[in-house]
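> no sequence for this one, just the structure:
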């Protein structure tokens, strides 16, 4: 009973913390952008317009996304990143946060590459995970797979022989959805990927 209460508490915490962090981040971003743009909009329109701060924030996020995906924007963002990485305090915070965000970004080269099933030789069961890298260790073909243990943000990295991994045809988004729903969103049939 004690263990169950502890598990409920930890699971609840892991559900609430990402929501609260997202809320606080969006609220902070909104207040910063709205605080900067409000005087400009007021000067232009000569009155306060409800919702304009929210629309401005959405526009800024889309512009940042656009800049991050074109050549000139990437150069600007790299310059800003280089400055942040030179400052001792911000270096560790920024690098860790960026690495975490990149792992879950569908456009990042560092993101999950494919949904895999990792065989457990003793029990004949599988763990669902994400291919992060293919490598060779002492002449043996291996893969690095991320196996989430609680939602998606916590898990284990395992290095396993390639022959113990089933490469699936599931999209990464489908794998994430399956894990977030505790397996209820898994398709009725999982196909092996023919070519890897």
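Thanks, I have the structure now. Just so we're clear, the structure is a prediction, and the values are computed from it rather than from any experiment.

> and the end-to-end length of stretch 161-177?
Terminal residues of stretch 161-177 are spaced 26 Å apart (Cα to Cα, to the nearest Å).

> chain center to it: distance?
17 Å (Cα atoms, centre = their mean, to the nearest Å).

> next one: stretch 116-124
Distance of stretch 116-124 from its chain centroid, counting by Cα atoms, centre = their mean, is 25 Å.

> domain assignment for this structure?
Using automatic domain parsing, the domains assigned to the chain come out as 2-103, 114-180.

> Surely residue 116 touches residue 164?
No: between residue 116 and residue 164 there is no contact under Cβ atoms under 8 Å: 9.8 Å. All C-beta spots, glycine's among them, are computed from the backbone N, C-alpha and C.

> So those two - more neighbours on which side?
residue 116 (27 against 17; other Cβ atoms under 10 Å).

> Following the chain past the strand or helix carrying that one, name the next helix or strand.
Taking DSSP states H and E as the definition, one finds residue 116 inside strand 114-119. Using DSSP H and E, the helix or strand that follows strand 114-119 in sequence is strand 126-137.

> State the distance from residue 98 to residue 55.
Distance from residue 98 to residue 55, counting by Cβ to Cβ, to the nearest Å: 27 Å.

> Can you pick out the residue with more neighbours from these two?
residue 98 (16 against 11).

> That one should be in a helix, yeah?
Yes: if the criterion is DSSP: H, G, I helix; E, B strand; the rest coil, then residue 98 is within a helix.

> pLDDT score for it?
Residue 98 carries a pLDDT value of 71.

> Could I get the contacting residues of it?
Residues near residue 98 by Cβ atoms under 8 Å, 6 or more residues apart in numbering: residue 81.

> ok, now how distant is it from residue 115?
Here residue 98 is placed at a distance of 24 Å from residue 115 (Cβ to Cβ).

> that older thread, which stretch in the domains of the chain is the model least sure about?
domain 2-103 (a mean of 78).

> Can you get me a residue count around residue 54?
Residue 54: 12 neighbours (other Cβ under 10 Å).

> same deal with the one 4 residues further on?
Burial of residue 58, expressed as a neighbour count using other Cβ under 10 Å, amounts to 12.

> same deal with residue 89?
Using other Cβ under 10 Å, residue 89 has 7 other residues around it.
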